[in-house]
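Engineer: next one to model:
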Amino acid sequence: MATIPQLLFFFFLINSISIPSISCPLHHKQALLNFKSNITTTFNLKSDYYYQFESWSPNSDCCSWNRVQSQNYHPTFFPGIIPPSDNPTVMFFDIFAPLFHIRSLEQLDISHNSLVGEIPGDGFGNLTQLVYLDLSWNNFNGSIPYQIFGLRNLRDLHMRASSFEGNLGPELGKLQNIEILDLSKNSLTGGIPEEIGNLKELKYVDFSNNFFSGGIPDSIGNMDLRGVDFSNNSLSMKIPTGIGRLGNLTTLDLSSNQLTGWIPSWMQNLSKLEDIWLQDNNLKGEIPTSIFNITTLQTLRIGGKGSKLIWNNKAKIVSKGELGLISMPSCGISGQIPEWISSFTGLQQLDLSHNELDGRFPNWLAEMDLDYLSLSDNKLTGSIPHHLFGAVTQLYELDLSQNNFSGELPENIGSSIILRYLMLSGNNFSGEIPISMSNMSNLRFVDLSRNKFSGDNFPDFSNNPDLVYLDLSYNKFSGKILTTFSTTIQVLYLGGNKFSGHLPQNLTKLVSLQHLDLHDNDITGYFQDILPQSPDLQVLVLRNNFFEGLIPTIISNFTNLRILDLSGNKLTGSIPPEIANLTRMIEPPVHISISDSIFSEDDIVFEVLIVNWKYNYQGLSSHSLEIYSLLDLSNNRISGKIPTSLGNLKSLKVLNISNNVISGHIPVSFGNLKGMESLDLSHNEISGSIPQSLEKLDELGVLDVSNNRLTGKIPMGGHMSTMNGVKYFANNSGLCGMQINITCPEDIPPPSEGRDEDEDDKNLSWIFWVGTWIGFPIGFFSSILIMGYFLNFLMLFKVW
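Structural biologist: From the prediction side, this is the model:
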């Protein structure tokens, strides 16, 4: 795997006196030769890389070496000094240690590599003349060495995305000449030190995408900053008043934190601000309209997730600048779309999603030359003006989803050849999809789901060469699917309609297909004939159709498949053991970088799939799909035994094979399904006992084995002790256990042991004689006393 960097930029300066050229110091030469040795011995250099070192000879002056300059402080430049390699990692110290002996080094750039290991603080402590240092895009271990913060001559320090962790200490304040400080995209924690205010020369600071917490130090106002980016952290408390003292500030990004309080009104005094990013915080209160008075303002992003901001709907805003982007989602804007927006003639992007807007789509808005428009999650009604589209429009992305728009789509939508993202889901649009959409050659994402579109006449989507996402689900389409699709399609959702007949052959030839969902239609055909030819298939949902035939063994070829839902069809035969070779259902979920996701462009997140999970149909977002796996073969005519190999699917979260005619026993190997959350084997002909191994399933929340022929005791260990729903074990005449309040025979205490009859007679005889010995004298003396009493009574009577 070629993970060694393709390119290494390496700068260094050999200090000299003011003479035009002098001989290279011997210790500098030796350090460079050692560096060359490390490179040439670590990698098997090819000629196209080795030529860089041809002039590096011990017998020549290093000032004359290729790309080495030691005159008048000119830096040395080495493009591509480390070649591609099959070695997985390169230890930083193993390669670059010799350079720490060149104390006059002024510029060092080793960014965009796969270097690992800890940064040698003592080594960097020697480079006291460094002015420029870039360690970005590596995989270092541990924290940032304090010695780096002692390099008082540093003006540029870049450590972006290099896996640093730990806290920043007060030594940060020693970088007294620093002008650019970039520590973004690491795992730094703790608070931002108050000593940051000592960096009087600092112009740009970027601490974004870390785990900083606490408040922003008010000392930030002691500097002369132009740009501040603290976004995507866990910073809390109010926006400090110190920011209001940054008179030269042009960019302020505090987005995606946990900041509280109000947007300060003093922000209007920052007369040079161009970009304000405050979205996705916990800010509240009324939005100060004075923020629109900043004449230099170009970008305004407020509101978003967590926002409790309120907009004064009576406010009248007049454009005073060149504002090109307004993003105000979740800002409590109600009523009709504010017409003051039209005064911003240079506006290019507008986001008013997640508000309480109502009324129709205004004509003045359709006539603005926008390239991005989002009005999703409002209460807008009526149809879309036809002049929103056209050959002269610059519209690049349009999101009107989750409103109450109705009517047919304008036929001229196809003339919007620049449009790339079209999201109209969750409305009441009707009629047919305009055929002119075939002309939209730049289309990439199309979501028309959850509307009332109908008919069977579709655009030819094969004319959209960039199309990767098409969602037409939950409409009223009917008839055969007659259109063809672009071979670039990666996601195709056609579920929840009334499509019928066989699928077009073109569908099986979509070699880039990753998701295919055709659920709840009336489609027919043999399952083995409609399998796509894409090796990247991850999701296949054919639920509730009329597919028949066997599940072919070639299903195992789709090693990326993690969601397979074939429920509610007419499939027959047995479950092929090869289905257990689906790698993505075996291996633990692998984090997929956002940049690799087909749903991640411009932070678009979709509810892309409806699955049956724990007896409820639930939507999975595009992010959840990366960690979810499901196998549902329920409600078919599948027979035979359950393959023991299914126990290999250790990452499977849902397994449902209910309502078939499956026989045999529950495999003991099911105890290996460590990720299982829902297991449904009900309504089959399964016999035998429930294996004790199910006690190992710590994640199991639902187990349904009802309506089978199971016998024996229900296991009680682990989560099995919480499976006390009687209905989930019903109609298995031989089951018993505490979960169903039926005592198992082996749990009934045995009766007391029987005794020998002769022994009993002996015991009775012994008891008799003991009783006689004790009772006779007691009875004798009792009789005498009683007789004496009566005789005494008679004698008294006679005397009377």
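Engineer: any weak-confidence spans in the stretch 51-200 of the chain?
Structural biologist: Counting by pLDDT under 70, the stretch 51-200 of the chain contains low-confidence residues at 51-52, 67-93.
Engineer: now the strands for it?
Structural biologist: Under the criterion DSSP state E, counting those that start in this stretch, strands of the stretch 51-200 of the chain are mapped to 76-78, 90-91, 107-109, 115-118, 132-134, 139-141, 156-158, 165-167, 180-182, 187-190.
Engineer: what secondary structure does residue 319 sit in?
Structural biologist: When classified by DSSP: H, G, I helix; E, B strand; the rest coil, residue 319 comes out as coil.
Engineer: per-residue pLDDT of it, please?
Structural biologist: Residue 319 is assigned a pLDDT of 85 by the prediction.
Engineer: what does it show for phi and psi?
Structural biologist: Residue 319 adopts backbone torsions of phi -60, psi 130, taken as degrees, to the nearest 10.
Engineer: now mean neighbour count and distance to residue 641 too, for the strands of the stretch 51-200 of the chain, in TSV please.
Structural biologist: All C-beta atoms are positioned from the backbone trio N, CA, C, and that covers glycine. Converted to TSV, the strands of the stretch 51-200 of the chain look like this (neighbours: other C-beta atoms under 10 Å; distance: least, C-beta to C-beta, whole Å):
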stretch	mean neighbour count	distance to residue 641
strand 76-78	18	65
strand 90-91	18	52
strand 107-109	21	63
strand 115-118	18	49
strand 132-134	21	62
strand 139-141	16	48
strand 156-158	19	61
strand 165-167	14	51
strand 180-182	19	61
strand 187-190	16	49
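Engineer: switch the ones you listed over to JSON lines; also include distance to residue 99.
Structural biologist: Formatted as JSON lines, the strands of the stretch 51-200 of the chain follow (distance: least, C-beta to C-beta, whole Å):
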{"stretch": "strand 76-78", "distance to residue 99": "11"}
{"stretch": "strand 90-91", "distance to residue 99": "14"}
{"stretch": "strand 107-109", "distance to residue 99": "7"}
{"stretch": "strand 115-118", "distance to residue 99": "13"}
{"stretch": "strand 132-134", "distance to residue 99": "12"}
{"stretch": "strand 139-141", "distance to residue 99": "16"}
{"stretch": "strand 156-158", "distance to residue 99": "17"}
{"stretch": "strand 165-167", "distance to residue 99": "25"}
{"stretch": "strand 180-182", "distance to residue 99": "22"}
{"stretch": "strand 187-190", "distance to residue 99": "26"}
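Engineer: who does the helix or strand where residue 547 lies touch, helix- and strand-wise?
Structural biologist: For residue 547, the host element (DSSP states H and E) is strand 546-549. Applying 3 or more C-beta pairs under 8 Å, 6 or more residues apart in numbering; DSSP states H and E, one finds that strand 546-549 contacts strand 522-526, strand 570-571.
Engineer: would TSV of those with distance to residue 393, mean neighbour count and mean pLDDT be doable?
Structural biologist: What follows is the helices and strands packed on strand 546-549, written out as TSV (distance: least, C-beta to C-beta, whole Å; neighbours: other C-beta atoms under 10 Å; pLDDT from 0 to 100):
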stretch	distance to residue 393	mean neighbour count	mean pLDDT
strand 522-526	37	17	97
strand 570-571	49	18	98
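Engineer: let me have the ones you listed in JSON lines, extended by distance to residue 319.
Structural biologist: Below are these laid out as JSON lines (distance: least, C-beta to C-beta, whole Å):
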{"stretch": "strand 522-526", "distance to residue 319": "54"}
{"stretch": "strand 570-571", "distance to residue 319": "63"}
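Engineer: what number of residues lie near the residue lying closest to residue 702 once chain neighbours are set aside?
Structural biologist: Nearest residue to residue 702 in three dimensions, chain neighbours excluded: residue 678, at 4.3 Å (C-beta to C-beta, 6 or more residues apart in numbering). By the measure other C-beta atoms under 10 Å, the count of residues near residue 678 is 21.
Engineer: same check, this time on the one 10 residues further on
Structural biologist: Counted with other C-beta under 10 Å, the neighbours of residue 688 add up to 14.
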